[in-house]
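In: with the sequence up front, the predicted model follows.
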Amino acid sequence: MKGIKKKMNVENSAELSRRIEALKREKNAVILAHYYTTPEVQAVADFLGDSLALSIQAQKVDAQIILFAGVHFMAETAKVLCPEKKVLIPCPEAGCSLAESCDAKEFAAFKARYPGYKVVSYVNTTVEVKALTDICCTSSNALKVVQSLPDDQPLIFAPDRNLGSYIQKLTGRKNMVLWNGACHVHEEFSLEKLLQLKREHPEAKVVVHPECRDYIVQVADYVGSTAGILDYCGRSDARAFIVVTEAGILAEMHKRYPDKLFIPAPPDDEACGCNNCRYMKMVTLENICSALEKESPEILLDEQVRRAAERSIRNMIAIR
């Protein structure tokens with residue numbers, strides 16, 4: 001029975017993938033997908049990348065419709081940069097724990113307590129928070145963004161306290177105030193289980209995303225964004241890696257480097273062998289197909305907010 005069900009699932013996925021490809025041609029649409037989506041979603045994407053790469057790509061696409069296979073703030077970012085295009089989000093409920101940890105009204109009140117401070121906000125924020133921001137950043141360019149500002153310029157860094165703390169240590173910057181937000185995925189990695197994996201695989205390099213807690217980062221051989229981690233695994237002579245970020249990246253790792261071993265680091269939850277973003281996994285072939293057929297749900301933004309957010313995003317893109 002399980003074999004029949006699995007075969008039916010494979011056949012259904014193949015049919016949905018064919019239908020999606022036909023709809024893309026029919027409607028002049030492209031799909032942008034994040035590395036943390038499922039392998040079958042990544043397979044139908046025209047462009048696959050991390051937040052910075054996809055933000056840059058959104059400006060370049062020659063299509064009437066952009067479907068963003070990712071979470072809500074990513075689709076918002078695409079709409080900010082491409083107001084003339086129709087931007088679809090296949091699952092509007094796919095939010096982001098990090099973005100949700102920074103309410104725009106609360107952040108505006110926080111910002112008002114620090115007059116004269118420039119605001120650097122991680123791209124994992126709502127469009128309303130981006131509108132309150134001087135320059136956005138991603139984990140790929142956060143260090144460069146902070147270093148681009150004068151040493152004596154006081155900063156607010158939001159919303160990820162772990163990334164902010166990591167950048168603060170790298171720069172030695174004392175004049176940074178951190179918003180107290182975090183990503184549920186990167187907060188939940190188990191140090192005990194990571195150290196056990198290191199004992200079991202002493203030859204493996206540990207690659208860690210900077211959204212992780214400091215005691216996890218300290219164990220790393222390499223710390224970087226999803227794109228940075230992928231590149232490092234390709235450059236390194238090592239044959240095995242313990243991967244301390246969202247498990248969706250494993251599909252691209254196996255695709256690029258089939259001869260290398262990638263071991264997902266587990267969270268504290270005893271029931272899980274790897275760490276998944278529940279929001280990214282809400283994007284499916286079914287809701288992608290439905291969104292293309294109906295050209296809905298669509299991202300719609302207040303124009304005044306969009307323009308304010310655009311400035312901070314374009315400031316980010318200028319620093320790679």
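Out: That came through, no problem.

In: neighbours of residue 234, just the number please.
Out: By other C-beta atoms under 10 Å, the residues close to residue 234 number 11. (Each C-beta comes from the backbone N, C-alpha and C, glycine too.)

In: what backbone torsions are found at it?
Out: Backbone torsions for residue 234, taken as degrees, to the nearest 10, come to phi -70, psi -40.

In: again, but for residue 205
Out: Torsion angles at residue 205 (phi, psi; degrees, to the nearest 10) stand at phi -90, psi 140.

In: and for it, the neighbour number?
Out: When neighbours are defined as other C-beta under 10 Å, residue 205 has 18 of them.

In: which residues are in contact with it?
Out: 221-222, 236, 238, 240-242 (C-beta atoms under 8 Å, 6 or more residues apart in numbering).

In: which SS class is residue 207?
Out: Per DSSP: H, G, I helix; E, B strand; the rest coil, the local secondary structure of residue 207 is strand.

In: gap between it and residue 218?
Out: 14 Å (C-beta to C-beta, to the nearest Å).

In: again, but for residue 306
Out: 40 Å.

In: those two: who's more crowded?
Out: Neighbours were counted for residue 306 and for residue 218 using other C-beta under 10 Å; residue 306 has more, 18 against 11.

In: check which helices and strands the one helix or strand the more buried one maps to sits against.
Out: Secondary structure from DSSP states H and E places residue 306 in helix 303-317. The contact analysis (3 or more C-beta pairs under 8 Å, 6 or more residues apart in numbering; DSSP states H and E) places helix 303-317 against helix 51-60, helix 72-81, helix 127-130, strand 135-137.

In: buried stuff in it?
Out: Counting neighbours by 16 or more other C-beta atoms under 10 Å, one finds that the buried residues in helix 303-317 are 305-306, 308-313, 315-317.

In: among these, which one sits closest to residue 256?
Out: The closest of the buried residues of helix 303-317 to residue 256 turns out to be residue 317 (C-beta to C-beta; 24.8 Å).

In: OK, contacts around the closest one?
Out: 52, 55-56, 59.

In: mind checking pLDDT for it?
Out: pLDDT, residue 317: 89.

In: can I assume residue 30 is in contact with residue 61?
Out: Yes - with contact defined as C-beta atoms under 8 Å, residue 30 reaches residue 61; the gap is 5.0 Å.

In: where do the helices sit along the stretch 151-300 of the chain?
Out: Listed in chain order, the helices of the stretch 151-300 of the chain (DSSP state H, counting those that start in this stretch) span 161-171, 184-187, 191-200, 214-217, 226-235, 249-256, 285-294.
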